[in-house]
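[1] got a sequence here, can you model it:
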Amino acid sequence: MSRMFGTDGVRGVANDELTPELAMKLGQAGASVLTRENKHKPTIMVGCDTRISGDMLANALMAGACSVGANIVYVGVLPTPAIAYLTKKYKVDAGVVISASHNPVEFNGIKFFDGNGFKLPDSLEDEIEELIKNNMQGINFPIGAGVGKIKYRTDAREEYINHSIKAISADLSSLKIVVDTAEGAAYYTSVEALKELGAHVIPIHNMPDGTNINANCGSTHLEELKARVVYEKADVGLAFDGDADRLLAVDENGKEVNGDEIMAIIGNYMKEKGTLKKDTIVATVMSNLGFFQMGERNGINIPQTKVGDRYVLEHMKKIGANLGGEQSGHIIFLDDNTTGDGLLSALHLLEVMVEKNKPLSELAKVMEVLPQALYGAKVPNHKKESYMEYPEIADAIKELEAKFKGKGRVLIRPSGTEPLVRVMIEGNDKELIDAEAKKLAELIQDVML
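    Residues are numbered from 1 along each chain as shown. Okay, here's the model as predicted:
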């Protein structure tokens, strides 16, 4: 049986793979594992994004946690980074987010934070999973006054906004900004934070109805944002994903500025100010080759980790870095929060624009983005880790690696959150790498389905 937890919690199609029954068991097991050392009645914070299945799964999870004696603080719809921050601020024992991030509405997920607002290490997730597989053996189910209760808070989002805007000192009143909130958890917090800092904000996709999250909008669908920025003659466009832990930007000409470029812009600014610890930005193997070349030119160390912001964070903590992230827009500002935070990323980027008094297109020239082709091969979720066991796939990958040796990179990896094997090829000839990546992805899909 494959591991229940992926790189970002437990994910699946809601009410099919991720059922209310499983959510209840995750509530029971998660509460037991995360609070077992406590001498007091534990408290867990729970929040969710805007997808329709959030209420169903949140209530099931909260019932499970209450059944093992944990109290719940339910804060409703909030970005994932808000839950991470508030878990630590309120000094509760753990936090839980019900969200499937950038995925379509039919998916949902459950991820845990410890009492300090950090995602759980693999070892703790394994303990939670083991309890569920062993039918909660050894767990105490209290009765009477020992059962947990739920407290509902509606003021938490304002505390997150206030915390976020204190991270920068810039006045944003000179900026006209188009903001795409992906019909997700950022629909209120990001818009209000930017307005409080004086920006002229034009929000789009900020009327969630439970079914439209990430639907042709947000950080995975930039087409409308690009067009709107040019039409409005805006200074910048900002695109969040469904749970607002990632950010991509669009410059004044309608051109995408990805996570690597955002980190390069902010990292160089922080280095100038003396606030980039160890002169280091932690990235993953998926970051563009141009990003690493930028680091070499500018005296910035860029160690690489496995894909997943949890692995970026682990390495940041290990070496004492305060900036790291992914090309996809998960960026961690460890001085401000404990996880990827789209709003913080936006505010720090806008601060550089204001302080440098330069358009985003000019700031983005700090690095050259080399062509990359990225395709996803749809495969059964339980097979995605074993793609190299198929001889025709292994042979095709070896041939490609030989073909691009010294002239680019070939990276194949299973998705941590979706039933996909991702194929990425990097090189100078865009048409060639695109054709080769597509061909390999199609082969993987045909062989493994």
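[2] give the contact list for residue 378.
    The contact partners of residue 378, by CB atoms under 8 Å, 6 or more residues apart in numbering, come to 419, 420, 445, 449. Just so you know, the C-beta spots here come from the backbone N, C-alpha and C atoms, and that holds for glycine as well.
[3] recalculate using a threshold of 10 Å.
    When contacts are counted by CB atoms under 10 Å, 6 or more residues apart in numbering, residue 378 is found next to 384, 418, 419, 420, 421, 441, 444, 445, 448, 449.
[4] and if you look at residue 54?
    Contact analysis of residue 54 by CB under 10 Å, 6+ apart lists 14, 47-48, 76-77, 97-100, 108, 185, 210, 213.
[5] all helices in the stretch 1-150 of the chain, in order from the N-terminus.
    Counting by DSSP state H, counting those that start in this stretch, one finds helices in the stretch 1-150 of the chain at the ranges 20-35, 54-67, 80-89, 122-133.
[6] closest to residue 262 out of the ones you listed?
    helix 80-89 (15.5 Å; CB to CB).
[7] and the pLDDT for the residue lying closest to residue 124 once chain neighbours are set aside?
    Among residues not flanking residue 124 along the chain, residue 33 sits closest, at 6.2 Å (CB to CB, 6 or more residues apart in numbering). As predicted, residue 33 sits at a pLDDT of 91.
[8] just checking, residue 33 touches residue 136?
    No: contact status for residue 33 versus residue 136: not in contact, 11.2 Å apart, counting by CB atoms under 10 Å.
[9] the two: which is more packed in?
    The neighbour comparison of residue 33 against residue 136 (other CB atoms under 10 Å) goes to residue 33, with 21 against 17.
[10] now the more buried one: how far from residue 139?
    Here the criterion is CB to CB, to the nearest Å. By it, residue 33 lies 10 Å from residue 139.
[11] joint contacts of the two?
    The overlap between the contact sets of residue 33 and residue 139 (CB under 10 Å, 6+ apart) consists of residue 131.
[12] ok so, going back, out of the contacts of residue 54, flag the one nearest to residue 153.
    Looking at the contacts of residue 54 and their distance to residue 153, the nearest is residue 76, at 8.1 Å (CB to CB).
[13] the closest one against residue 58, yeah?
    Yes: using CB under 10 Å, residue 76 is in contact with residue 58, at 8.8 Å.
[14] now for the two: what residues contact both?
    Here residue 76 and residue 58 have 46, 47, 48 as joint contacts, going by CB under 10 Å, 6+ apart.
[15] now the second one: how far from residue 128?
    Residue 47 sits at a distance of 19 Å from residue 128 (criterion: CB to CB).
[16] please apply the same query to residue 114.
    From residue 114 to residue 128 the distance is 12 Å (CB to CB).
[17] what about those two, which has more around it?
    Remark: of residue 114 and residue 128, residue 128 carries more neighbours, 23 against 18, as counted by other CB under 10 Å.
[18] residue contacts, the more buried one?
    Counting by CB under 10 Å, 6+ apart, residue 128 makes contact with 4-5, 10, 25-26, 28-34, 112, 120.
[19] any weak-confidence spans in the protein?
    Counting by pLDDT under 70, the ranges of the chain that qualify are 1-2.
[20] coming back round to it: now, which of the contacts of residue 378 lie within helices?
    Restricting the contacts of residue 378 to those inside helices, with DSSP state H as the criterion, leaves 441, 444, 445, 448.
[21] circling back to that earlier point, mark which of the contacts of residue 378 are buried, thanks.
    Neighbour-count burial (16 or more other CB atoms under 10 Å) is assigned, among those, to 384, 418, 419, 420, 421, 441, 444, 445, 448.
[22] now these as TSV including distance to residue 190?
    Below are the buried ones among the contacts of residue 378 laid out as TSV (distance: CB to CB, whole Å):
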residue	distance to residue 190
384	33
418	25
419	30
420	28
421	33
441	33
444	37
445	36
448	39
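[23] which of the residues you listed sits closest to residue 42?
    Within the buried ones among the contacts of residue 378, proximity to residue 42 (CB to CB) peaks at residue 418, which comes in at 32.3 Å.
[24] domain map for this protein?
    Listed domain ranges for the chain are 10-156, 174-366, 372-448 (source: automatic domain parsing).
[25] distance to residue 167 for these - can I get that in TSV?
    Rendered in TSV, the data for the domains of the chain read as follows (distance: least, CB to CB, whole Å):
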stretch	distance to residue 167
domain 10-156	11
domain 174-366	5
domain 372-448	27
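[26] so which of those gets nearest residue 166?
    Closest approach to residue 166 among the domains of the chain is made by domain 174-366 (8.8 Å; CB to CB).
[27] all strands for the stretch 201-350 of the chain, in order.
    When assigned using DSSP state E, counting those that start in this stretch, the strands of the stretch 201-350 of the chain occupy the ranges 236-240, 247-250, 256-257, 283-284, 304-305, 323-325, 331-333.
[28] alright, calling it a day.
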